[in-house]
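J.: predicted model follows, preceded by the sequence.
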Amino acid sequence: MKLAPSGRTLIVQPLPGIGDMVWHLPHIHAIAAVTMEGRVDLLTKPRSQADRLLGADPCVGQILWLEREAGRHAGLRGLLRLAVLLRREGYQRAWFLHGSARYVLAARLAGIPERIGYGIGLQSLLLTSPVRLPPNLRHAHPILRADALLDILGIPRAELEPRLLVDSDAEQTVVAQFAAWPAPWIALGIGSSEPWKQWGAARFADLALALHQRRAGSIFLVGGPAERVLADDILARVQAQSGRVADAVALPLEQTAAVLARCRVYIGNDTGVLNMAAALQTLAIGLFGGSAPLTHSQFIHVVTPPTGEQGMAAITVPHVLEALARLNDSDEACHAP
């Protein structure tokens, strides 16, 4: 099946995480390429921060918020509110990068004539496209499902990995704010969405001190507002040992992206910021003691507990320094004349 170029197009991607949005970028860009305008609107959840994350992306137009948790789009009344919202926008085609029938029903009630999705369960009754994912992929990883849908429809993905663009104003702000910190920059990603993914203040502080003593570069703490207390703990520990670390925690997300893009390497927990670093083509060391390692990016280098051990506490500072040394050796070999 070959799709004709569409008019105004909406992509529904309701998975809430920043990383979820980042890893759907190749699909978003591929779908935008088969529209008449070369761009798409997104319906997603506020937690994705898609407005800040994708503000510099020319393929992304309007961001519409899906607010089920806040109650606005929950229940039958919420479904009808969502349908009214979509009807006002006058979309010709909607893509559903999710298996829920609810969002497709809202699009049908809104009168969107073309509806394309995975065809899982009741969703298949509401789609206009005859394409359906094969049974073995209906419960696969979200990225594999999105890959398969585009492959079935013959839509090429120009990017094998996500590519995140940096807002020029954010870049200028970051350069000015951290002008006193010489290159190379090293980011420590201290955030985590779950406690079992958290490496902890003491270990991050010890790593920062070890990097400072080795004169590895300027060290930055990065994370969201939720990491403010953790960051203050790390800063206090480092300063007590006469170390020096730049505080880049709780910056607007577009400025966090600008910091990451200027870093030589990122080291941190399994979180959305790790995925951002990889999408900015910054070499990243991901610490995976409480979650399955990410294996879908050439820019993410995984550190896990030694064989027979479990948990983030089993990953030591020497383990991380060894990974950094291997990464440095590999990078130097790649750039050798």
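T.: Good, I have the coordinates. Numbering: from 1, shown residues only.

J.: and the closest residue to residue 241 other than its chain neighbours, how far is that from residue 253?
T.: Distances taken as C-beta to C-beta, 6 or more residues apart in numbering place residue 209 nearest to residue 241, at 5.4 Å, with adjacent residues excluded. Heads up, the C-betas are built off the backbone N, CA and C, glycines and all. Separation of residue 209 from residue 253 (C-beta to C-beta, to the nearest Å): 28 Å.

J.: so, low pLDDT: which residues of the chain?
T.: Along the chain, segments meeting pLDDT under 70 span 1, 70, 331-337.

J.: please enumerate the strands of it.
T.: Using DSSP state E, the strands of the chain run over residues 9-12, 40-44, 60-65, 93-96, 114-117, 185-189, 218-223, 246-249, 263-269, 283-287, 300-303.

J.: select, out of these, the one closest to residue 154.
T.: strand 114-117 (12.7 Å; C-beta to C-beta).

J.: pull out the buried positions in the closest one.
T.: For strand 114-117, a neighbour-count test (16 or more other C-beta atoms under 10 Å) marks 114-117 as buried.

J.: tilt between the lengthiest helix in the chain and strand 263-269?
T.: Ranked by number of residues, the top helix in the chain under DSSP state H is helix 317-334. Put simply, helix 317-334 runs at 150 degrees to strand 263-269, going by axes from the mean of the first three to the mean of the last three C-alpha atoms, to 10 degrees.

J.: tell me the buried residues in helix 317-334?
T.: 317, 319-321, 323-324, 327.

J.: CA atoms of that helix as PDB?
T.: What follows is helix 317-334, C-alpha atoms only, in PDB (Å, rounded to 0.1, in the frame of the first residue of the first chain):
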ATOM      1  CA  VAL A 317      32.900   4.700  40.500                       C
ATOM      2  CA  PRO A 318      35.900   2.600  39.200                       C
ATOM      3  CA  HIS A 319      33.500   0.700  36.900                       C
ATOM      4  CA  VAL A 320      32.400   4.000  35.400                       C
ATOM      5  CA  LEU A 321      35.900   5.400  35.100                       C
ATOM      6  CA  GLU A 322      36.900   2.200  33.200                       C
ATOM      7  CA  ALA A 323      34.000   2.600  30.800                       C
ATOM      8  CA  LEU A 324      35.000   6.300  30.300                       C
ATOM      9  CA  ALA A 325      38.600   5.200  29.500                       C
ATOM     10  CA  ARG A 326      37.400   2.700  27.000                       C
ATOM     11  CA  LEU A 327      35.100   5.200  25.400                       C
ATOM     12  CA  ASN A 328      38.000   7.800  25.200                       C
ATOM     13  CA  ASP A 329      40.300   5.200  23.600                       C
ATOM     14  CA  SER A 330      37.600   4.200  21.100                       C
ATOM     15  CA  ASP A 331      36.900   7.800  20.200                       C
ATOM     16  CA  GLU A 332      40.500   8.700  19.800                       C
ATOM     17  CA  ALA A 333      41.000   5.600  17.500                       C
ATOM     18  CA  CYS A 334      38.000   6.700  15.400                       C
END
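
J.: which residues does that helix contact?
T.: For helix 317-334, the external contacting residues (C-beta atoms under 8 Å, 6 or more residues apart in numbering) are 203, 206-207, 210, 216, 265, 267, 283, 285, 287, 301, 303, 306.

J.: one more time with 6 Å
T.: 206-207, 210, 283, 285, 301, 303 (C-beta atoms under 6 Å, 6 or more residues apart in numbering).

J.: what does stretch 119-130 give?
T.: 99, 101, 104-105, 108, 114-117, 132, 138.

J.: likewise for stretch 227-240?
T.: 190-191, 201, 204-205, 208-209, 221, 245, 249-250.

J.: next, the buried residues of that stretch.
T.: For stretch 227-240, by 16+ other C-beta under 10 Å, it's 227, 230-231, 233-235, 237-238.

J.: so where do the helices sit in the stretch 1-150 of the chain?
T.: All helices of the stretch 1-150 of the chain, identified by DSSP state H, counting those that start in this stretch, fall at 18-23, 25-32, 50-53, 75-89, 102-109, 142-152.

J.: what is the distance between the longest one and the centre of its chain?
T.: Mean-position distance between helix 75-89 and its chain equals 27 Å (C-alpha atoms, centre = their mean, to the nearest Å).

J.: the last one now?
T.: Between the mean C-alpha point of helix 142-152 and the mean C-alpha point of its chain there is a distance of 18 Å (C-alpha atoms, centre = their mean).

J.: buried set for that helix?
T.: 142-143, 145-150.

J.: quick check: angle from it to helix 25-32?
T.: Using the same axes, to 10 degrees: helix 142-152 against helix 25-32 is 30 degrees.

J.: which other helices and strands contact helix 142-152?
T.: For helix 142-152, not one helix or strand is in contact under the criterion 3 or more C-beta pairs under 6 Å, 6 or more residues apart in numbering; DSSP states H and E.
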